[in-house]
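In: No letters, just coordinates:
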């Protein structure tokens, strides 16, 4: 306990020195985390890269950060990952002929359900 | 011996369930047959109960010659977990489900309504019997491992060795079983045709299943947050969706049953919702238990039991839907047409549930139809669900606010929400706006109602539920949008300051300890949490536990809870000797999410309170209140 207290001031200084990260770097880390959250870990069952503890996930996370540092943007990185690991790696599928239904269905469902129920109401009125 | 008795009792229970159904549905309705059906229902309930107790007994006495016990227990497991391990895996959880179905048989049998005593009881018993058959064929918990009896059991899945497990699955299974009862009532009403008689029972059961599903979902999210070590609370994983879709549909059903004299349309809709809510829980169970979709939470999967579950679903749903198609149009009743806002709200809930279902199934559908493999995950579901949430909130608030001629309030409300997002954009301004606008709109509507106590407005229970939803949305939005998180390499006496929404906080890694527990040994880090850089708040101790029985590694996050924000620390892998990956996160307002979830429960209990039904009905007295066939 005592030694810990004696260390405290020293530590505070070390902390202060190590702390202030450049704002740009913070943004880069945040962006890299955001991208990692959108990608599925190739080794885990259903977990994103950010949450996965598999070695491959750590490697890919590092790669995302490196690529961001090299100036690549989000889309380029995701495309790179898709090329390497296939469509399955991205949790948000792009709009392609295969996913038209997936992307349009919610809007159609809202219109369809709402329309049907309102229509049913009017029919009930007439009866 | 106990296992054989349990097995026999399970077979007997199945036979008696079939017998009950046969008695009620096929034999002529004489008093003798009626008494026989009641006797059979009673014995079926008793048999399932005894069978369940015998399986628990096998667990408590460490009978590892029973395969299910050997796979899911261990002589070193504490008694509490041995009892909970009964429902820790597929076979036992189905038995728990059947046990609750057995209890519900008694609810039907003892009901004062002839409709429930006869058709309802018959349909529920038929379902329970079919369910028992599926269990006996594909998931029998009493199968012996002979002659090669293992000296020691494998362990209960370490992730499940937690107090959250003890309550979470039974709550969900109670909700599922109640949906089965709801289905039985709906089909009974279709067979019999008298809707208004069964309205109260329908409402009671839907409230009860909503209560259990809400509690199950909230507790599941809480468990994921505080135990699983991933830091999130909702992952849109197929297993979670399988519990969430029935909840959404039951919510829609509750709203259908709001008017005391439902219009024919609402009566039809509520029957349909009862049937598909039940269908969604069977479908979810099939998806999860067959292993056909990949899930983080899937602990067991087997293709054969999947096909049987699918068959059970088809056997239950297809006749019911056929009956619905044939009979529902013949309903003739004279309730007033439902309010448009109510109908639109129900439509949104329906659209949300079907969208989530589609997203869950889409990878599977794509693969089956040869369109290639893909994943649909959290980003998609958030993008679909959050806008729908705002639409629902707008609908709820608008219909309340407009009633008092204060519709103009909508404009400043949207502007203020926009202004808020300009000032505090969060990680994603669009989501921040949707969440903040939805929550504040709902709260605005509720405060509006507060000023007009004499006006006709929804009951207290509904108001509490809506405030609860608003609080939960606020908590969910703020905790995900204003979260500060970092993934750090840390070793002894290293620290880092993070700037959260309510000031900056420092985390200092002090030292690493090893802990020896009965079931696991753990590496624990002492991480001190300071306000600013000097004022010590607390010491957090995240752990990595390695279970002795099967070598599985589990992270146990440490959370310092507060009303304004939670401090969340989870210990990752050891990168180099003494250097660990540490995940730190400051989550503002996340406690509000739990508060909102918790508030749903008293709301449901209050609505369940039968006092409300005694209030005399004052409007449209002169119309025929019944729903009868032509």
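Out: Structure received. Computed from a prediction, not measured in an experiment: that's the story for all the values here.
In: all strands of chain B, in order?
Out: For chain B, the strands defined by DSSP state E occupy B:331-333, B:484-490, B:494-500, B:503-516, B:520-531, B:535-540, B:543-547, B:553-556, B:558-560, B:565-576, B:579-588, B:627-629.
In: Pull up the per-residue confidence for residue 121.
Out: You didn't pick a chain, so chain A it is. Per-residue confidence at residue A:121 stands at 87 (pLDDT).
In: hmm, I had chain B in mind actually
Out: At residue B:121 the predicted local confidence, pLDDT, stands at 95.
In: How about the one 5 residues further on?
Out: On pLDDT, residue B:126 comes in at 96.
In: which helix of chain A spans the most residues?
Out: Of all the segments of type helix in chain A, defined by DSSP state H, the longest one is helix A:100-126.
In: With respect to residue B:242, which of the strands of chain B lies nearest?
Out: Relative to residue B:242, the nearest member of these by Cβ to Cβ is strand B:553-556, separated by 23.2 Å. From N, CA and C alone the C-beta is placed, and that goes for glycine too.
In: Tell me where the model's unsure across chain A.
Out: A:1-23, A:124-127 (pLDDT under 70).
In: how far away is the residue of it found nearest chain B from residue B:345?
Out: Minimum separation of chain A from chain B (Cβ to the nearest Cβ) falls at residue A:91, amounting to 2.9 Å. Using Cβ to Cβ, to the nearest Å, we find residue A:91 at a distance of 29 Å from residue B:345.
In: and the residue in the stretch 401-550 of chain B that chain A sits nearest to, how many residues sit next to it?
Out: Of all residues in the stretch 401-550 of chain B, the one sitting closest to chain A is residue B:495 (4.4 Å; Cβ to the nearest Cβ). Other residues near residue B:495 come to 22 when the count uses other Cβ atoms under 10 Å in any protein chain shown.
In: is it in a bridge, and if so with what?
Out: residue B:508 (DSSP bridges).
In: So what's the residue count around the closest residue to residue B:360 other than its chain neighbours?
Out: Here the nearest residue to residue B:360 in space, its sequence neighbours aside, is residue B:241; by Cβ to Cβ, 6 or more residues apart in numbering or on different chains that works out to 4.8 Å. Residue B:241: 25 surrounding residues under other Cβ under 10 Å.
In: where does residue B:241 land on pLDDT?
Out: Listed pLDDT for residue B:241 reads 93.
In: so who does it touch?
Out: B:284, B:356, B:357, B:359, B:360 (Cβ atoms under 8 Å, 6 or more residues apart in numbering or on different chains).
In: how's chain A carved up into domains?
Out: Domain segmentation of chain A under automatic domain parsing yields A:21-92, A:95-127.
In: which of the ones you listed sits most buried?
Out: Among the domains of chain A, domain A:21-92 has the highest mean neighbour count (mean count of other Cβ atoms under 10 Å in any protein chain shown), at a mean of 17.
In: just to revisit the earlier point, least reliable of the strands of chain B going by mean pLDDT?
Out: The stretch with the lowest mean pLDDT among the strands of chain B is strand B:627-629, at a mean of 37.
In: As JSON lines, the contacts of residue B:241 with neighbour count and pLDDT would be great.
Out: Shown next, in JSON lines, are the contacts of residue B:241 (neighbours: other Cβ atoms under 10 Å in any protein chain shown; pLDDT from 0 to 100):
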{"residue": "B:284", "neighbour count": "22", "pLDDT": "89"}
{"residue": "B:356", "neighbour count": "24", "pLDDT": "97"}
{"residue": "B:357", "neighbour count": "20", "pLDDT": "96"}
{"residue": "B:359", "neighbour count": "22", "pLDDT": "95"}
{"residue": "B:360", "neighbour count": "25", "pLDDT": "94"}
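In: Quick check: the two most widely separated of those residues?
Out: Farthest pair in these (Cβ to Cβ) is B:284 and B:359. Separation: 13.4 Å.
In: So residue A:45 lies in a helix, does it not?
Out: No: when DSSP: H, G, I helix; E, B strand; the rest coil is applied, residue A:45 is found to be coil, with no helix at that position.
In: What residue, apart from its backbone neighbours, is nearest it spatially?
Out: Leaving aside its chain neighbours, residue A:45 sits nearest to residue B:294 (5.2 Å; criterion: Cβ to Cβ, 6+ apart).
In: what sits against the one you found?
Out: In this structure, residue B:294 makes contact with A:45, A:46, B:238, judged by Cβ under 8 Å, 6+ apart.
In: how does it look with 10 Å?
Out: Contact criterion Cβ atoms under 10 Å, 6 or more residues apart in numbering or on different chains gives A:40, A:44, A:45, A:46, B:237, B:238, B:301, B:363, B:364, B:375 as the residues in contact with residue B:294.
In: Please report phi then psi for the fourth one.
Out: Dihedral pair for residue A:46: phi -150, psi 70, per degrees, to the nearest 10.
In: got a list of what it touches?
Out: Neighbour list for residue A:46: A:40, A:52, A:91, B:235-239, B:293-298, B:375, B:377 [criterion: Cβ under 10 Å, 6+ apart].
In: Residue of chain B nearest chain A, please.
Out: Taking Cβ to the nearest Cβ, chain B has residue B:377 as its residue nearest chain A, at 2.9 Å.
In: What's the local residue count around that residue?
Out: For residue B:377, the tally of surrounding residues (other Cβ under 10 Å) stands at 23.
In: these two touch, right, it and residue B:295?
Out: No: using Cβ atoms under 10 Å, residue B:377 and residue B:295 do not qualify as a contacting pair, with a distance of 11.6 Å.
In: Give me the common contacts of the two.
Out: For the pair residue B:377 and residue B:295, residues contacting each of them under the criterion Cβ under 10 Å, 6+ apart are A:46, B:235, B:237.
In: got the residues of the stretch 401-550 of chain B near chain A?
Out: Residues of the stretch 401-550 of chain B found near chain A (Cβ under 10 Å from any Cβ of the partner chain) are B:427-428, B:484-487, B:493-499, B:504, B:506-508, B:510-511, B:526, B:528, B:530, B:533-534, B:536, B:544.
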